[in-house]
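Asks: Here is a sequence with its predicted model. Questions after.
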Amino acid sequence: MQAAERKPDRATIPVSQNVKKRVLSLKRGNQTYDDVLIRMLDTIAVGEKEREQGVVFLYEVPILDEIKNLKNPIPLKIVIDENNSLILVNNGYSILVVCNNLVEGLQEAALQFADDFMDCTDNSLPTTQDARELGEKLRGSVWL
């Protein structure tokens with residue numbers, strides 16, 4: 001009876017060849033379909049949760065003069081201040097940008113990520129425990 005109550009670990013869902021190819025194109029490294037679909041669902045959930053304030057996503061960052069994809073998009077909340085400037089913020093990644101447009105803001109957010117990455121992952125620099133933890137988080141966020 002216990003076996004009948006157990007849910008299967010895997011499910012089969014019919015999708016078109018086009019959708020399958022698109023999902024496959026999003027796989028990086030040794031990611032599974034589960035990994036890709038979870039990332040997609042998490043991205044949608046953040047966008048829906050933050051809808052009333054607005055949210056954009058950072059997908060790539062410059063690391064060592066090379067554009068690197070992020071393993072998971074980083075959500076940046078959008079706040080419009082009284083001067084109509086945009087403020088992009090993600091506390092988990094210590095990103096805070098004040099800008100006039102989204103293109104400029106996303107570029108600045110990527111540069112902040114890259115600066116923190118270089119500072120917090122450089123073993124020759126003295127760092128605090130918080131900086132080391134942020135460095136590990138940043139390193140784990142990028143496809144190197």
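Replies: Right, received. Where do you want to start? Residues are numbered from 1 along each chain as shown.

Asks: And the next helix or strand past the lowest-mean-pLDDT helix or strand in the chain?
Replies: Least confident helix or strand of the chain, by mean pLDDT, DSSP states H and E, is helix 2-5 with a mean of 53. Later in the chain than helix 2-5, the nearest helix or strand by DSSP states H and E is helix 17-25.

Asks: quick check: mean pLDDT across that following helix?
Replies: The average pLDDT for helix 17-25 rounds to 88.

Asks: How about stretch 74-84?
Replies: Here the average pLDDT along stretch 74-84 is 90.

Asks: And stretch 132-144, by the same measure?
Replies: Stretch 132-144 comes out at a mean pLDDT of 92.

Asks: Give me the contact list for it.
Replies: 28-29, 61, 63, 68-72, 74, 92-94, 113, 116-117, 119-121, 127 (Cβ atoms under 8 Å, 6 or more residues apart in numbering). (Glycine included, C-beta is placed from N, CA and C.)

Asks: Return the set of buried residues in it.
Replies: Leu134, Gly135, Leu138, Ser141, Val142 (16 or more other Cβ atoms under 10 Å).

Asks: Distance check, the first one against Ala11.
Replies: When Cβ to Cβ, to the nearest Å is the yardstick, Leu134 and Ala11 sit 37 Å from each other.

Asks: likewise the second one?
Replies: For Gly135, the distance to Ala11 under the criterion Cβ to Cβ works out to 38 Å.

Asks: again with the last one
Replies: Taking Cβ to Cβ as the criterion, Val142 is separated from Ala11 by 31 Å.

Asks: No more questions from me, cheers.
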